[in-house]
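Engineer: Here's a sequence, model it:
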Amino acid sequence: MIKLIATDMDGTLLNDKKELPKNFCSFVSSRKDIKTVIASGRQYFSLIKTFPDNVNDFIFIADNGAVVYEKGKPLFTDFIDRETVESLLKEIHAIEGTACVLCGANSAYISTADEIAVKNIEMYYAKVKFDMKSFDECRDDKILKLAVFLNKEAESRLYPSLKHLNDKDGKMSAVLSGDSWVDIMNRRTNKGTALKKVMELYGIKPEEAMAFGDYHNDLEMIKACKESYAMANAHEDIKAAAKYIAPSNNDDGVMRVLRKVLG
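Structural biologist: Residues are numbered from 1 along each chain as shown. Purely as a prediction, here's the structure:
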């Protein structure tokens, strides 16, 4: 019996027009016996903006697992120490063409960004301060994640410059979260770790959980659930890790599986 559904947003639940599947919210509202988790690289404030009338129906894993909210209250957060953030910023700004978002618990912050980067940042971050002059401007906030943008070159140019962070002796991790994004977090931080904490909190076993995803930042979440689905449009690495393949995000894939499995 399924007791939990966890789904990524972009490329998974949302179609390419960033639209929710029809009747998704009403379906979730009608199944109070099942915990529904929205797990995303997006900022929490961006996620709740997508579900203005149904916030209390979901558990939100935001910033790729760095923070978890339920009914407006944080269940836990995982932040990066300031010295590490400052060191990472120097390294990132040395990569030509990048924009780096400091993802805080209270807001997001960015120093410089071109027009394309700004458009993408505004899509995923509802609370963001542009033109940050100094790191001191966010001294009262906790930085959960660094989201690095390089338009359409995340896998070919950006990730190769940052993948050394994944060396076994390091304390950080860099993960592809889209074709233009690499997210940097504490090594222990990911959607899977956050989801396991939620499952432990509610006594839910892996075989009682479903997960849907499409990109590398969904990998640990896919592995945490026995009933795992990669979207037809997913990266090949996610398809290899998942138990099943769901129809694509543009073919209402998540809802088609939920209707078939749960009725």
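
Engineer: So what's the residue count around the residue lying closest to Ala230 once chain neighbours are set aside?
Structural biologist: Distance criterion Cβ to Cβ, 6 or more residues apart in numbering; nearest residue to Ala230, sequence neighbours excluded, is Ala242 at 3.7 Å. All C-beta spots, glycine's among them, are computed from the backbone N, C-alpha and C. The number of residues packed near Ala242 is 24, by other Cβ atoms under 10 Å.

Engineer: Ala240 now?
Structural biologist: Counted by other Cβ under 10 Å, the residues lying close to Ala240 total 11.

Engineer: Show me what the helix or strand harbouring it is packed up against.
Structural biologist: In this structure, Ala240 is located in helix 236-241 according to DSSP states H and E. For helix 236-241, the packing partners by 3 or more Cβ pairs under 8 Å, 6 or more residues apart in numbering; DSSP states H and E come out as helix 219-224, strand 227-231.

Engineer: switch to 7 Å and redo it
Structural biologist: Counting by 3 or more Cβ pairs under 7 Å, 6 or more residues apart in numbering; DSSP states H and E, the packing neighbours recorded for helix 236-241 are helix 219-224.

Engineer: Need the residues that contact the helix it packs on.
Structural biologist: Outside helix 219-224, the residues within contact range by Cβ atoms under 7 Å, 6 or more residues apart in numbering are 6, 39, 190-193, 195-196, 206, 211, 213, 228, 230, 237-238, 241-242.

Engineer: how far out from the middle of the chain is it?
Structural biologist: Put simply, helix 219-224 sits 12 Å off its chain's centre (Cα atoms, centre = their mean, to the nearest Å).

Engineer: Assign Val68 to helix, strand or coil.
Structural biologist: Using DSSP: H, G, I helix; E, B strand; the rest coil, the structure places Val68 in strand.

Engineer: Not counting its neighbours along the chain, what's nearest it?
Structural biologist: Leu75 (4.4 Å).

Engineer: What does that neighbour show for phi and psi?
Structural biologist: phi -80, psi -40 (degrees, to the nearest 10).

Engineer: I'd like to know how far it sits from Cys138.
Structural biologist: Distance from Leu75 to Cys138, counting by Cβ to Cβ, to the nearest Å: 23 Å.

Engineer: again with Ser161
Structural biologist: The gap separating Ser161 from Cys138 is 24 Å, by Cβ to Cβ.

Engineer: ok, now Lys163?
Structural biologist: Going from Lys163 to Cys138 by Cβ to Cβ gives 26 Å.

Engineer: Report how many residues lie close to the residue nearest to Asp16 when sequence neighbours are not counted.
Structural biologist: Excluding the flanking residues, the one nearest Asp16 by Cβ to Cβ, 6+ apart is Asn250, at 5.7 Å. Applying other Cβ under 10 Å, we find 15 residues neighbouring Asn250.
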